[in-house]
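Asker: quick one, fold the following:
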Amino acid sequence: MKKFLLIILVVIFAGVSCQSGSKSVSKKESGKVYPFEKASIVSTSQVHSGVSIRQDIYIDGFGAREARYTTTKMVYNNQEIETKSLSMVTPDYIYTVDFQSKTGTRIPNDPDKVIEEMRKIIVASKLDDDTKNQLISRLPDEKEAIKNSQTTGLVIKDFIKDLKPVGKEKLLDDLNCDVYEIKDDSTGELQAKLYVWNYLPIKLVDVHGRVIQEVVSLDTTNVDTSVFVIPDSIKIEDWLDSFAKSIKQFENQGHGK
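Answerer: Purely as a prediction, here's the structure:
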């Protein structure tokens, strides 16, 4: 299980939406996510040779809002390709934005509400009963995907809840980080070390000592609130509307009654 969770953790660091995971809680239930009110963070990742990721992360309201701007650079045929995206969490919605296509989606930051609305859309559709039952059976996985799109602190808090720190280490001069060893449940083999400060992942190192991800700067004194404003040039679509359209297309493909 820890091996699977490690994969999820790397995906979180890389700024890609997770599709499965373990139980979490919503910010509305948890109060303050972080012990600091605001933060500006720069994190870098080297996924593999030729691909690098930089994330500019902004936290406000003790974690009530979190914006994660991701810049991915990839070398292909001796040319550098750069893409930029945004994932943003607010008390009401979770947003994803693709700056290349100037499009984005929003989904309510309430997994239970979203799943209930999805269930209603499926039940009210003209799909045959077998197809309806198959789609409904997949809803728990969708719920976990929404939970793992929430504030980083909530995901990390849940990830380490069954782990005990093996020590402490100071990073970025004065951050006293807890060190966690990520091991394979079946073999007990060490897979990685995770360094966490106040539920922020500061560094992830693989078993060979290679730094997979690390925070290179952190400022808890100031945040430009404009980073939480999505430009007017971005067309945002409601995710539940998109889901309803996909169900309608499914009906038209011959799965209706």
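
Asker: quick one, strands of the stretch 101-250 of the chain?
Answerer: Ranges of strands within the stretch 101-250 of the chain are 103-108, 167-171, 175-183, 190-197, 200-206, 211-219, 235-238, based on DSSP state E, counting those that start in this stretch.

Asker: adding mean pLDDT and mean neighbour count, write those strands out as a markdown table.
Answerer: All C-beta atoms are positioned from the backbone trio N, CA, C, and that covers glycine. Formatted as a markdown table, the strands of the stretch 101-250 of the chain follow (pLDDT from 0 to 100; neighbours: other Cβ atoms under 10 Å):
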| stretch | mean pLDDT | mean neighbour count |
| --- | --- | --- |
| strand 103-108 | 95 | 18 |
| strand 167-171 | 95 | 12 |
| strand 175-183 | 93 | 18 |
| strand 190-197 | 91 | 20 |
| strand 200-206 | 90 | 21 |
| strand 211-219 | 92 | 16 |
| strand 235-238 | 96 | 12 |
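
Asker: and the ones you listed as TSV, adding distance to residue 73?
Answerer: Listed next are the strands of the stretch 101-250 of the chain as TSV, based on distance: least, Cβ to Cβ, whole Å:
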stretch	distance to residue 73
strand 103-108	21
strand 167-171	24
strand 175-183	27
strand 190-197	24
strand 200-206	19
strand 211-219	15
strand 235-238	25
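
Asker: which one of those lies nearest to residue 138?
Answerer: strand 103-108 (16.2 Å; Cβ to Cβ).

Asker: okay, now the sheet partners of that closest one, with direction.
Answerer: Counting by DSSP bridges, the strands paired with strand 103-108 are strand 93-98 (antiparallel), strand 235-238 (parallel).

Asker: of the ones you listed, which approaches residue 133 most closely?
Answerer: Taking Cβ to Cβ, strand 235-238 is the member of the strands paired with strand 103-108 nearest to residue 133, at 25.7 Å.

Asker: contacts for that closest one, please.
Answerer: The contact list for strand 235-238 (Cβ atoms under 8 Å, 6 or more residues apart in numbering) reads 95, 97, 102-107, 230.

Asker: just the C-alpha atoms of that strand, please, in CSV.
Answerer: Output of strand 235-238 as CSV, limited to C-alpha atoms (Å, rounded to 0.1, in the frame of the first residue of the first chain):
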residue,chain,number,x,y,z
LYS,A,235,-13.1,30.0,-20.4
ILE,A,236,-14.2,28.1,-17.3
GLU,A,237,-16.7,25.2,-17.6
ASP,A,238,-18.6,23.6,-14.8
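
Asker: distance to residue 159 added to the strands paired with strand 103-108, as TSV?
Answerer: Shown next, in TSV, are the strands paired with strand 103-108 (distance: least, Cβ to Cβ, whole Å):
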stretch	distance to residue 159
strand 93-98	18
strand 235-238	29
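
Asker: for the ones you listed, which one sits closest to residue 72?
Answerer: Nearest to residue 72 among those is strand 93-98; the distance by Cβ to Cβ comes to 11.5 Å.

Asker: which one is the residue nearest the centre of the chain nearest to, not counting chain neighbours?
Answerer: By Cα atoms, centre = their mean, the chain has its centre lying nearest to residue 149, at 3.9 Å. Closest residue in space to residue 149, ignoring its immediate chain neighbours: residue 94 at 5.1 Å, by Cβ to Cβ, 6 or more residues apart in numbering.

Asker: nice, that's everything, thank you.
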